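1. Got a sequence here, can you model it:
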Amino acid sequence: MWKAQRGHQSIRHFEPCLDASCVWHEYKTNRMYNNRWYPTVEQLPEGDLFILGGSTTGTKYNRAEINSASYEFWPPRSDAPIPMPFLVETLPYNLYPFVFLLPNGNLFIFASKKSMIFDYHNNRIVKKLPDMPGVPRSYPLTGGAVMLPLDPENDYNVEILVCGGSKEPKNNSPADDTCGRINLGDEDPSWEMDTFVHKRLMPDGVILLDGTVLWVNGCQRGWAGYNRRNFDPTFDPIIYDGTLEHGKRWTTGLADTDIARMYHSVALTLPDGRVWIAGSNNVDPPNITAEYPTEFRVEYFSPPYLFQTRTRPLLSHVPRVVTYNQTFEVLINLGEFKGQNPEIKVGLLRQGFSTHSMHMSQRYVYLRHTVAADMQSIQIEAPPKPTIFPPGSGYLVVLCNGIPSTGVEMFVEKNIEDLQIP
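-> Numbers count the residues shown, from 1 in each chain. Below is the predicted model:
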């Protein structure tokens with residue numbers, strides 16, 4: 001049995017396999033410069049990782065004496081961690097900051113109520129953004145954040161959605177019931193506030209195959225952590241459609257659950273269109289008889305698009321690997337949609353990696369395409385550059401009138417010229 005070493009500086013490696021022989025590898029020489037408990041990791045267009053923030057030891061919330069107010073890269077690009085004053089300004093609620101790679105190669109970074117556009121190539125702030133109204137949104141007053149789908153039709157304009165949170169780290173502190181959305185394409189971006197429908201702390205926001213956002217998990221009172229800090233679980237899933245006008249974006253009344261999913265819960269969109277939901281462990285040590293027990297059951301949520309038609313579009317002949325800006329052909333069986341002149345869209349989803357309401361490196365990109373006259377094949381353009389979709393895997397999806405095919409895994413590979421990012 002593999003025994004993990006102390007993890008505050010560890011870099012661990014896992015190589016996937018198909019024969020159940022996969023194991024984690026831990027090398028004592030592969031370590032970050034700083035202890036980083038609850039940092040954020042975002043994949044970069046060069047293919048490596050940006051590692052931001054955290055604390056030097058476990059804590060209820062961050063403090064100046066343990067604050068890892070810096071960032072670094074993996075593999076390393078510098079001889080020491082690089083200081084970031086933003087992580088001092090956002091104390092004490094700055095663990096797991098929200099980070100998104102932008103199409104122009106910069107990063108959007110958010111912690112507590114503050115956010116900025118950051119140029120990691122030159123270690124400089126490009127633009128400070130206005131504070132988000134309301135409560136802090138970062139651990140342990142944990143909200144959630146999603147970068148809405150990128151679309152070439154609007155030149156990959158970026159809008160960020162941040163939802164939920166809590167006022168203070170107290171057991172009776174009510175969760176927040178608002179969301180904020182900011183359009184980074186505006187000359188002077190500002191936060192447009194919206195309802196979150198329910199009070200929700202520690203939510204999971206996952207992008208579905210159709211580009212909408214499902215919010216699940218969380219609770220209505222308390223703060224993130226062990227041992228009677230989270231109360232009143234939120235059982236109702238809700239879906240956010242960012243393409244609709246303000247006041248009409250939320251779908252409610254969906255099938256709910258009776259399983260509390262609070263601290264240490266996760267959710268992930270599956271290629272078949274369902275959402276895998278697991279976890280909840282707000283007691284230490286784990287206890288299956290507690291008021292809110294350690295949860296070992298797994299659930300699958302089926303979004304409405306799985307029930308709207310008898311058949312779904314079928315994809316085949318998807319290439320395993322494509323390069324940036326490459327045009328490739330896939331075959332499509334539209335089933336009952338054929339002959340109806342359906343609206344066709346093509347998307348590429350990366351689910352990211354999930355922990356503590358964070359979905360790091362999650363993104364969804366619409367792809368340019370041309371449907372053949374016989375509607376049996378589609379010419380698709382791969383993402384134009386790695387700042388739009390960093391190198392690696394994603395699930396290719398064809399949507400017919402909003403109904404998604406099953407996603408097919410495809411790898412986007414960089415060319416030598418793609419390494420020169422302005």
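
2. tell me the secondary structure for I51?
-> Three-state call for I51 (DSSP: H, G, I helix; E, B strand; the rest coil): strand.

3. and it, what does it touch?
-> 32, 36, 39-41, 71-74 (Cβ atoms under 8 Å, 6 or more residues apart in numbering). To be clear about C-beta, it is placed using only N, CA and C from the backbone, and glycine gets the same treatment.

4. any idea how far it lies from P390?
-> 15 Å (Cβ to Cβ, to the nearest Å).

5. hmm, who's touching stretch 219-228?
-> Contacts for stretch 219-228 (Cβ under 8 Å, 6+ apart): 60, 139-142, 166, 168-175, 198-202, 229-234, 260, 262-263, 282-284, 356-357.

6. cool, stretch 205-213 as well?
-> Outside stretch 205-213, the residues within contact range by Cβ under 8 Å, 6+ apart are 144-146, 148-149, 161, 163, 214-216, 239-243, 251, 267-269, 273, 275, 303, 305, 345, 347, 349, 351, 357, 359, 362-364, 366, 395, 397, 399, 402-404, 407.

7. try 6 Å
-> Stretch 205-213 has contacts (Cβ atoms under 6 Å, 6 or more residues apart in numbering) with 144, 146, 149, 214-215, 239-241, 267, 269, 273, 275, 303, 305, 347, 364, 397, 399, 402, 404.

8. Buried subset of those as a ChimeraX selection?
-> Of the contacts of stretch 205-213, the buried ones can be selected in ChimeraX as follows, counting by 16 or more other Cβ atoms under 10 Å:
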select :144,146,149,214,215,239,240,241,267,269,273,275,303,305,347,364,397,399,402,404
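
9. Not counting the worst-scoring helix or strand of the chain on mean pLDDT itself, show me its contacts.
-> For the chain, counting by mean pLDDT, DSSP states H and E, strand 24-31 ranks last in confidence among helices and strands (a mean of 85). Under the contact criterion Cβ under 6 Å, 6+ apart, strand 24-31 has outside partners 2, 5, 9, 11-14.

10. what pairs with the helix or strand following that strand, and is each one parallel or antiparallel?
-> Sequence order places strand 40-43 as the next helix or strand after strand 24-31, per DSSP states H and E. Here strand 40-43 is paired, per DSSP bridges, with strand 49-52 (antiparallel).

11. how far does stretch 57-69 stretch from start to finish?
-> 13 Å (Cα to Cα, to the nearest Å).

12. What residues sit buried inside it?
-> 59, 61-62, 67-69.

13. Format these as CSV; extra columns: pLDDT.
-> Formatted as CSV, the buried residues of stretch 57-69 follow (pLDDT from 0 to 100):
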residue, pLDDT
T59, 95
Y61, 96
N62, 97
N67, 98
S68, 98
A69, 98
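
14. Which of the residues you listed fall in helices?
-> Members of those lying in helices (criterion: DSSP state H): none.

15. Which single one of these is nearest to I332?
-> S68 (48.2 Å; Cβ to Cβ).

16. Quick check on the closest one: phi, psi?
-> Backbone torsions of S68, given as degrees, to the nearest 10, read phi -90, psi 80.

17. Surely it touches Y33?
-> No - checked against Cβ atoms under 6 Å, the pair S68 and Y33 is beyond contact range at 9.5 Å.

18. tell me the pLDDT at R12?
-> R12 is assigned a pLDDT of 88 by the prediction.

19. Which strands border the helix or strand where it lies, and is each parallel or antiparallel?
-> Using DSSP H and E, R12 sits in strand 10-14. With DSSP bridges as the test, strand 10-14 is paired with strand 24-31 (antiparallel).

20. contacting residues around the residue most central in space within the chain?
-> Most central in the chain under Cα atoms, centre = their mean is H359, positioned 3.0 Å from the mean C-alpha point. Residues in contact with H359 (Cβ under 6 Å, 6+ apart) are G352.

21. for it, phi and psi?
-> phi -130, psi 80.

22. Tell me the bridge partners for it.
-> S354.

23. quick one on the thing from earlier: tell me the buried residues within the contacts of strand 24-31.
-> Buried among the contacts of strand 24-31 by 16+ other Cβ under 10 Å: I11.
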